[in-house]
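Peer 1: Provide a 3D model corresponding to the input given below.
(one chain, ligands or ions: 2)
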Amino acid sequence: MSLKIESLNHQIVDGDNQRHLLENLSLSVSPGECVALMGESGSGKTTLLNLIAGLEPIQKGCIEVAGLSLSQSTDKQLSALRKKHIGIIFQSFNLLNSLSVQDNIEFSAKLSGRYDHEHGLALADELGLTSLLNKYPATLSGGEMQRVAIARALNARPYLLLADEPTGNLDENNSNHVVDQLVKLAKSNLDGYP
Ligand SMILES: Nc1ncnc2c1ncn2[C@@H]1O[C@H](COP(=O)(O)OP(=O)(O)OP(=O)(O)O)[C@@H](O)[C@H]1O
Ligand SMILES: [Mg+2]
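Peer 2: Numbering: from 1, shown residues only. Ligands and ions are numbered 1, 2, ... in the order given. Down below sits the predicted model:
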């Protein structure tokens with residue numbers, strides 16, 4: 001799925017002042033491509049991902065996801081785009097606390113219409129989550145929560161995956177495994193792009 005960002009500007013209110021967080025940012029990402037954004041804490045990485053996901057209004061400039069201009073889309077169109085095509089691994093995980101690990105992993109896949117029980121179990125196995133499937137998020141460690149959030153996003157097989165510091169809480173072994181999974185997903189999803 002292609003992503004095109006043109007001359008994006010974003011300001012935030014900082015005390016009594018307005019502060020430019022993103023200035024004239026342009027970026028183009030082609031299907032199958034993986035892009036890593038790096039920047040110091042507070043530089044605007046999470047804000048940019050929220051803008052791409054249509055979770056924050058665009059102030060100036062243009063973001064196009066799969067040919068759809070976000071600033072010209074209705075909330076309903078943005079929510080359909082997220083549900084069906086965009087996967088998000090949030091920096092703070094955003095797991096659903098009332099659902100078990102297994103139900104969390106199945107949640108986005110069901111919304112996207114690409115639910116496959118076996119695929120979910122295989123992902124849980126690859127991410128070392130099999131013994132945790134019946135537990136609830138509140139009883140997990142940070143790294144375990146992060147792996148559940150990753151499994152949930154990957155299980156939906158999104159066309160565009162936005163991962164916010166997806167290995168921030170993981171040890172080296174798990175971290176390498178997750179990066180392999182992310183690259184595998186990027187390469188495997190080339191068929192059937194909208
Ligand atoms: N809704 C908001 N209103 C005002 N300021 C905000 C808002 N959201 C974020 N900020 C500020 O914008 C800046 C960028 O925040 P952001 O979370 O995008 O940074 P980041 O690059 O993801 O940082 P980190 O690496 O620590 O996760 C920070 O200074 C933050 O305090
Ligand atoms: Mg951040």
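
Peer 1: helices or strands up against the longest helix along the chain?
Peer 2: Ranked by residue count and defined by DSSP state H, the top helix of the chain is helix 172-188. With contacts defined as 3 or more C-beta pairs under 8 Å, 6 or more residues apart in numbering; DSSP states H and E, helix 172-188 has these neighbours: helix 117-126, helix 142-155, strand 160-163. Glycine gets a C-beta too; all of them are placed from N, C-alpha and C.

Peer 1: ligand 1 is nearest to which of the ones you listed?
Peer 2: strand 160-163 (12.0 Å; C-beta to the nearest ligand atom).

Peer 1: that closest one near ligand 2 at all?
Peer 2: No. With C-beta under 5 Å from the ion as the criterion, ligand 2 is not reached by strand 160-163; the gap is at least 11.3 Å.

Peer 1: CA atoms only: put that strand into PDB for me.
Peer 2: Provided in PDB are the C-alpha atoms of strand 160-163 (Å, rounded to 0.1, in the frame of the first residue of the first chain):
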ATOM      1  CA  LEU A 160       0.000  -0.600   6.200                       C
ATOM      2  CA  LEU A 161       1.600  -1.300   9.500                       C
ATOM      3  CA  LEU A 162       2.600   1.600  11.800                       C
ATOM      4  CA  ALA A 163       4.800   0.400  14.600                       C
END
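
Peer 1: can you add distance to H20 and mean neighbour count and give the helices and strands packed on helix 172-188 back as TSV?
Peer 2: Below are the helices and strands packed on helix 172-188 laid out as TSV (distance: least, C-beta to C-beta, whole Å; neighbours: other C-beta atoms under 10 Å):
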stretch	distance to H20	mean neighbour count
helix 117-126	40	16
helix 142-155	30	24
strand 160-163	22	22
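
Peer 1: can I get those in a markdown table with distance to A186?
Peer 2: Formatted as a markdown table, these follow (distance: least, C-beta to C-beta, whole Å):
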| stretch | distance to A186 |
| --- | --- |
| helix 117-126 | 15 |
| helix 142-155 | 11 |
| strand 160-163 | 8 |
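
Peer 1: got the ones you listed as a markdown table, with distance to N50 and mean pLDDT columns?
Peer 2: Formatted as a markdown table, these follow (distance: least, C-beta to C-beta, whole Å; pLDDT from 0 to 100):
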| stretch | distance to N50 | mean pLDDT |
| --- | --- | --- |
| helix 117-126 | 25 | 92 |
| helix 142-155 | 15 | 94 |
| strand 160-163 | 9 | 94 |
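
Peer 1: helix, strand, or coil at K4?
Peer 2: For K4, the assignment made with DSSP: H, G, I helix; E, B strand; the rest coil gives strand.
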